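1. Quick one: sequence plus predicted model below, questions after.
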Amino acid sequence: MHEILIGRDLSDQKKYGMKGTGYIAKHIVGQKNEAHVTTPVKIDLARPHIIGLFGKRGQGKSYSMGNIVEEMMLLPEDIKKNIGVIVIDTMGIYWSMKTPNEKDAELLTEWGLKPRGFDVKVTVPKGLTKIYNDDAIPFDATFSMKPSTLGTDDWALSFNLELDSEMGILLQKVMRQMRDKGNYTIDEIIENIKKEEGSDVAKDGLINRYLVAQEWGIFSDDGSSIHDIIKPGQATILDVSHFSQASGGWSVKSLVVGLLARHILNARIKARRMEESESMEGTSKGGHMPITWMLIDEAHQFLPREGMTAASLPLLQWVKIGREPGVSLLLATQMPNKLHQEAISQCDLVISHRLTSSKDIDSLSQIMQSYLKYGISDYFDNLPRVKGAAIILDDNSERLYPIRMRPRMSWHAGGSPIAIKE
Ligand SMILES: Nc1ncnc2c1ncn2[C@@H]1O[C@H](COP(=O)(O)OP(=O)(O)OP(=O)(O)O)[C@@H](O)[C@H]1O
Ligand SMILES: [Mg+2]
C-alpha cells in the first residue's frame, strides 16, 4: 500500500526505504464532515529532529506524544538499540503505558492494531517515593543528583535570584568556595553560608532556600548516572509531576530537565567522537550513550519565549547544535506562541492539532509559510471535528498533510474525567 513518509529526505528514502520509521497517523482526504482517513503516515525516527507538537486544550497532544514513544519502542531491535528515549512527564500520566488500551480495543481493530502495554521505565524522584507508594503508582527506578553538579546559575535560576542582588552575590561567593571541594552536600553549602560575611537577612534567606531545596527530593550524595537514565532501547518516563506541590514547582522541573539535557548532550558529543574513530578504524566497541530523544510535555514552561529557566540554555543547545551529536527534541505545548522563538523556527516537523488563538496560529505561519497554498487557519478549519485530527508540516518535503493520529495501543491516563459513570 502507498504510504506517506514524513521527516526523511529523498536520499535517505532511497537508501533506507521505510526502515526506522513509525506508523503514527492516517492521511485525511476531504473536508469537515466529508473527511475520511486513507493512506498511513509514517515518521522518520532514525535521524535527529526537532518536532513541535501543538494544539489547544484536550485536542490530543499528550496522547500523540505517547503514540510516538510507542513507535520508538516498536522499532526493530537492531535500530532500537541505537536509540534512548526520555519522556519529561509533567502531569504524571505516562506510567499507564505499561497497560494495554483495552478501552479502545474496537477503535484499534478498525486501524488494524491491537491493545498492548510497553515496557517503559517509570522513574521518580528519589526523595518522593512515599507519594508514589501511597498513591499505589508503580515505578521502576528513582533518580537523584549530586548538589555539586549544579553551577551558580542553576541555583540562581531555581531559586529565582538575581545574581546582583545581595543574596545572589552571597551565592556566588559561596559557590566559588565550594568549587574547590569537588563533591559536597547541601548541608556543607549551608555551613559555608553561615561562615560567610554578609547580612543576616541575606544569609537566612539563602539558607532557607537550600532547606527548601532539600525537600525537592532530588538531591543525594551519590546521584543517578546519566547512563542509567538513558540506555540503549529504553524509554524512561521521568515523572516530574510532583514538584508542582513543592514551592516553585516549575523551577525545579526546569532544573532537572536542564541538568539532564546538558549531561546527555555532553555524553553524546563524546560518544559521537568515539563512533567516528571506531568507524574510521572499522571497529565497534559499543557501550556509548545512544542517540537520544527527549520528549517534553508543556514545553513552553521549560523553554519560554520570554525570560529564562534553568532548562533554557541547555535546551537551546539541543535545538542549535543537536543534529550532529544526535539529540532530538519533541516539544509539546498548547501555546506555540509562548515557546522560544528559536525552538519554533528550528522545528523541521510540526504536528499541530487544532489551534484557535490567532497569536498561536501566527507563530506557526512564520515557520513554513513559503510553501503553503492557503493560510494555516484554513487548514485547521477544514479538519473534521474528531479527536486526534491535526495537520503535519514537513520541512523535509516542504509539504502539509491533514491527518488523524492513530489510536493508542497503550492506556492513556491523561483524558478529562467525566461525572457520568458507565
Ligand atoms: N488520536 C486519537 N484518537 C482517539 N482519541 C484521541 C486521540 N487523541 C486524543 N484523543 C482523546 O482526547 C483526549 C484528550 O487528549 P490529550 O490528553 O492528549 O489532550 P491534550 O492536547 O494533551 O490536552 P491538554 O492541553 O489539556 O494537556 C484523550 O484522553 C483521548 O480520549
Ligand atoms: Mg496534555
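-> Received the coordinates, thanks. Ligands and ions are numbered 1, 2, ... in the order given.
2. The residue of the stretch 151-300 of the chain found nearest ligand 2: neighbour count?
-> As assessed by CB to the ion, ligand 2 sits closest to Asp297 within the stretch 151-300 of the chain, at 5.9 Å. Placement of C-beta: from N, CA and C, glycine included. Per other CB atoms under 10 Å, the neighbour tally for Asp297 reads 25.
3. Can you tell me how far it is from Pro417?
-> Note on Asp297: its distance to Pro417, by CB to CB, to the nearest Å, is 18 Å.
4. Likewise for Ala343?
-> On the measure of CB to CB, Ala343 and Pro417 end up 32 Å apart.
5. out of those two, which sits in the busier spot?
-> Ala343 (26 against 4).
6. What is the helix or strand harbouring that one packed up against?
-> Following DSSP states H and E, one finds Ala343 within helix 341-346. If contacts are counted by 3 or more CB pairs under 8 Å, 6 or more residues apart in numbering; DSSP states H and E, helix 341-346 sits against strand 50-54, helix 312-321, helix 358-368.
7. which one of the ones you listed is the most hemmed in?
-> Here the criterion is mean neighbour count by mean count of other CB atoms under 10 Å, and of the helices and strands packed on helix 341-346 the winner is strand 50-54, at a mean of 25.
8. Average pLDDT for the next helix or strand after that one, rounded please.
-> Counting by DSSP H and E, the next helix or strand C-terminal to strand 50-54 is helix 61-73. The pLDDT scores in helix 61-73 average 98.
9. now the one residue in the chain that gets nearest to ligand 1: how far from Ile28?
-> At 2.2 Å from ligand 1, Gly388 is the closest residue in the chain, using CB to the nearest ligand atom. Taking CB to CB as the measure, Gly388 and Ile28 are separated by 10 Å.
10. and what of Asp164?
-> 54 Å.
11. how does the protein divide up, domain by domain?
-> With domains defined by automatic domain parsing, the chain comprises 4-144+219-405, 148-215.
12. hey, which helix or strand in this structure has the poorest pLDDT?
-> helix 358-368 (a mean of 85; mean pLDDT, DSSP states H and E).
13. tell me the angle of it relative to strand 50-54?
-> If you take axes from the mean of the first three to the mean of the last three CA atoms, to 10 degrees, helix 358-368 sits at 150 degrees to strand 50-54.
14. Helices of the stretch 201-350 of the chain, start to end?
-> In the stretch 201-350 of the chain, the segments counted as helices under DSSP state H, counting those that start in this stretch are 226-229, 249-281, 312-321, 341-346.
15. ok, Asn396 touching Arg8?
-> Yes. Shown here, Asn396 and Arg8 form a contact pair, counting by CB atoms under 8 Å, at 6.4 Å.
16. what do the two both touch?
-> Asp44 (CB atoms under 8 Å, 6 or more residues apart in numbering).
17. Among these two, which residue is more densely surrounded?
-> Arg8 (26 against 18).
18. Is it correct that that one falls within a helix?
-> No. Counting by DSSP: H, G, I helix; E, B strand; the rest coil, Arg8 is not part of a helix but coil.
19. so what pLDDT did it get?
-> pLDDT recorded at Arg8 is 96.
20. cool, and Val122?
-> The model's pLDDT for Val122 equals 97.
21. Check the gap between it and ligand 2 for me.
-> Noted for Val122: a distance of 18 Å to ligand 2, by CB to the ion, to the nearest Å.
22. ok but that residue is inside a strand, no?
-> Yes. Under three-state DSSP, Val122 falls within a strand.
23. ok, it touching Asp140?
-> Yes. If you go by CB under 8 Å, Val122 and Asp140 touch, sitting 5.2 Å apart.
24. These two: which has the busier surroundings?
-> Neighbour totals were compared for Val122 and Asp140, and Val122 leads with 23 against 14 (other CB under 10 Å).
25. Low-confidence ranges, the protein, go.
-> Counting by pLDDT under 70, the chain shows low-confidence ranges at 1, 244-248, 369-370, 421-422.
26. Wasn't Pro417 part of a helix?
-> No. Looking at Pro417 with three-state DSSP, it is coil, so not inside a helix.
27. For it, grab phi and psi.
-> phi -70, psi 160 (degrees, to the nearest 10).
28. List the contacts of it.
-> Per CB under 8 Å, 6+ apart, neighbours of Pro417: none.
29. One more: Asp12?
-> Asp44, Ala46, Arg47.
30. Surely Gly168 is in contact with Asn160?
-> No. Gly168 is beyond contact range of Asn160, at 10.3 Å (criterion: CB under 8 Å).
31. higher neighbour count, those two?
-> Taking other CB under 10 Å, Gly168 and Asn160 do not tie; Gly168 has more neighbours (18 against 9).
32. what's the closest non-adjacent residue to that one?
-> Leu161 (4.7 Å; CB to CB, 6 or more residues apart in numbering).
33. That neighbour is in what secondary structure piece?
-> Assigned by DSSP H and E, Leu161 falls outside every helix and strand.
34. That one and Asn208, how far apart?
-> For Leu161, the distance to Asn208 - CB to CB - is 12 Å.
35. So which of these two has more stuff around it?
-> Applying other CB under 10 Å to Leu161 and Asn208 shows that Leu161 carries more neighbours, namely 21 against 13.
36. Please name the nearest non-neighbouring residue to Cys347.
-> Per CB to CB, 6+ apart, closest to Cys347 is Gly52, 4.1 Å.
37. bridging residues for that neighbour?
-> Beta-bridge partners recorded for Gly52 (DSSP bridges): Leu331, Val350.
38. Enumerate the residues of the chain near ligand 2.
-> Lys61, Ser62 (CB under 5 Å from the ion).
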